[in-house]
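Asker: heads up, no residue letters with this:
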């Protein structure tokens, strides 16, 4: 891919103090445009700037947009590393297909990400800070028309954000409200695609949960509201004394890259890992019998997020002793060390970059 580079002439101010998450953005953005019949063209890295959209742009009316989220890390040796960029590119392609967005070769997506990260390498936080560079590739429909059909014009972008911990209190267990009315996704929909509509559908319930004093929402199935699906924007794992369970991918759950990584690490340890349905009653009975050990979420932003409390209409259920479990702690340690180059990478997940 031929990428034109137009360096900024007005560098953006560097953040001071705590980075937060998704607040600051680097000097440059990658952009590439699509129009029929020419296809994808005009790949460039240019100064970070706002996008100009026609008020009738399809994305504003019909939400034809997909995105990804991954991270770049600076290791103790100063080297830059992208974590599982190939799998993110593969999922991005599947999301595009589901939203009728013209395919971008996975190799081009990877190259675009790598090149813009290398160009803004100085923005990647030092290893000692515990921070990372969050990478957000996305593609959206720009054609101006009012009518329900796939657009014929698109823009693909990659923006970068230096970030700290996703949750302000770090690895402290989160409180989760069990949602049994609102629905995030149903079979046959777009729940397994990383598209804006899924996140828009989650906002009202998440806002209500926070008003109740909870950090996020535990989504249940749309039919019975008894089967566990996702927690907030993360996949969920439930550790019992004899097995570790995560809901199977049935079309409503996103195929999380961190989820896949955790499954691989658990199986490498020889643990009994099962992908199947989990009911709320099974969790309650497990806590009552003592067989439930811990619950944690997995996702790119937080990596591993221990769940300390599940909130129900009739009261809270404390998971274990309410503190981060040993399994979640050990997985967080193992995974982040691989990401930062502090431990061997036996599965070939890390891509070294220049810069």
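Answerer: Received it, and whenever you're ready, just let me know what you need. Note that this is a predicted model, so its numbers are computed, not measured. Numbers count the residues shown, from 1 in each chain.

Asker: I'd like the distance from the top helix by length along the chain to the chain centre, please.
Answerer: As assigned by DSSP state H, the longest helix anywhere in the chain is helix 196-211. Relative to the centre of its chain, helix 196-211 is centred 16 Å away, using CA atoms, centre = their mean, to the nearest Å.

Asker: quick one: low-confidence ranges for this protein?
Answerer: 167-170 (pLDDT under 70).

Asker: let's go with 80 and repeat that
Answerer: 165-171, 355 (pLDDT under 80).

Asker: Let me see the contact set for residue 239.
Answerer: 245, 292, 293, 294, 295, 296, 325, 327 (CB atoms under 8 Å, 6 or more residues apart in numbering). (Each C-beta comes from the backbone N, C-alpha and C, glycine too.)

Asker: Tell me if I am right that it is in a strand.
Answerer: Yes - assignment of residue 239 by DSSP: H, G, I helix; E, B strand; the rest coil places it within a strand.

Asker: Quick check: bridge partners of it?
Answerer: Per DSSP bridges, the residues bridged to residue 239 are residue 244, residue 294.

Asker: Going forward, the N-terminal residue is numbered 742.
Answerer: Sure, I'll start counting at 742 from here, so that last one is residue 980.

Asker: ok, back up a step: who are the packing partners of the longest helix of the chain?
Answerer: On a contact count with 3 or more CB pairs under 8 Å, 6 or more residues apart in numbering; DSSP states H and E, helix 937-952 meets strand 806-808, strand 915-919, strand 957-961.

Asker: what element comes up after the last one heading to the C-terminus?
Answerer: Read it as strand 957-961. Per DSSP states H and E, the first helix or strand lying C-terminal to strand 957-961 is strand 969-972.

Asker: picking up where we left off before, could you export the helices and strands packed on helix 937-952 as JSON lines, including mean neighbour count and distance to residue 979?
Answerer: JSON lines is the format used below for those (neighbours: other CB atoms under 10 Å; distance: least, CB to CB, whole Å):
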{"stretch": "strand 806-808", "mean neighbour count": "21", "distance to residue 979": "28"}
{"stretch": "strand 915-919", "mean neighbour count": "23", "distance to residue 979": "12"}
{"stretch": "strand 957-961", "mean neighbour count": "25", "distance to residue 979": "11"}
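
Asker: returning to that earlier point: tell me which residues of the longest helix of the chain come out buried.
Answerer: Buried residues in helix 937-952, defined by neighbour count with 16 or more other CB atoms under 10 Å: 937, 938, 939, 942, 943, 946, 947, 950.

Asker: could the contacts of residue 980 go into TSV alongside neighbour count and distance to residue 752?
Answerer: Below are the contacts of residue 980 laid out as TSV (neighbours: other CB atoms under 10 Å; distance: CB to CB, whole Å):
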residue	neighbour count	distance to residue 752
986	22	48
1033	20	51
1034	19	49
1035	23	45
1036	31	44
1037	29	39
1066	21	44
1068	20	43
